[in-house]
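S.K.: Pasted the sequence and its predicted model underneath.
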Amino acid sequence: QLQLVESGGGLVQPGGSLTLSCAASGFTLDNYAAGWFRQAPGKEREGVSCMSRRGGVTVYADSVKGRFTISRDWTKNTVYLQMNSLKPEDTAVYYCAADRRLTDGCSLQRTYEVRGQGTQVTVSS
């Protein structure tokens, strides 16, 4: 069974940092493009960041450029999202996702094959 499990969410003050982890089981992330998405109450899902299969291509939403960093640990079959300088508008449920069909690059717009259950990030004082 293909599964992605996120962790690392929580409550943080504005200006703070969090690192989200996304561990894959049942498949090897090496063959998949990976991405992070978020959805706040009453809003549409937003693509936050993604990375190509081999890590050579990364894409960030304009709203998080310069603050968030996506990375992979091949040995741990895990994708990370380092989030710095967090703002209240970053509050959302964050999901990671993976897609084997994306052989070149990645996309913040498409619906990925495999998606995790999500982890809540709340930025508030």
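M.R.: That came through, no problem.
S.K.: quick one: the strands in the chain?
M.R.: Along the chain, counting by DSSP state E, strands occupy 3-7, 10-12, 18-25, 33-39, 46-51, 58-60, 68-73, 78-83, 92-99, 114-115, 119-123.
S.K.: Tell me the helices and strands packed up against the first one.
M.R.: This points to strand 3-7. strand 18-25, strand 92-99, strand 114-115 (3 or more C-beta pairs under 8 Å, 6 or more residues apart in numbering; DSSP states H and E). (C-beta placed from N, C-alpha, C; glycine too.)
S.K.: quick one: contacts of it?
M.R.: The contact list for strand 3-7 (C-beta atoms under 8 Å, 6 or more residues apart in numbering) reads 20-26, 94-98, 114-119.
S.K.: ok, 10 Å please
M.R.: 19-27, 29, 32, 34, 36, 78-79, 81, 93-98, 112, 114-120 (C-beta atoms under 10 Å, 6 or more residues apart in numbering).
S.K.: Could you do the shortest one as well?
M.R.: Strand 114-115 is touched from outside by 2-4, 6, 24, 26-27, 29, 32, 34-35, 37, 95-100, with contacts defined as C-beta under 10 Å, 6+ apart.
S.K.: Only the buried subset of those residues, as a PyMOL command please.
M.R.: Selection of the buried residues among those in PyMOL, burial being defined by 16 or more other C-beta atoms under 10 Å:
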select buried, resi 4+6+24+27+29+32+34+35+37+95+96+97+98+99
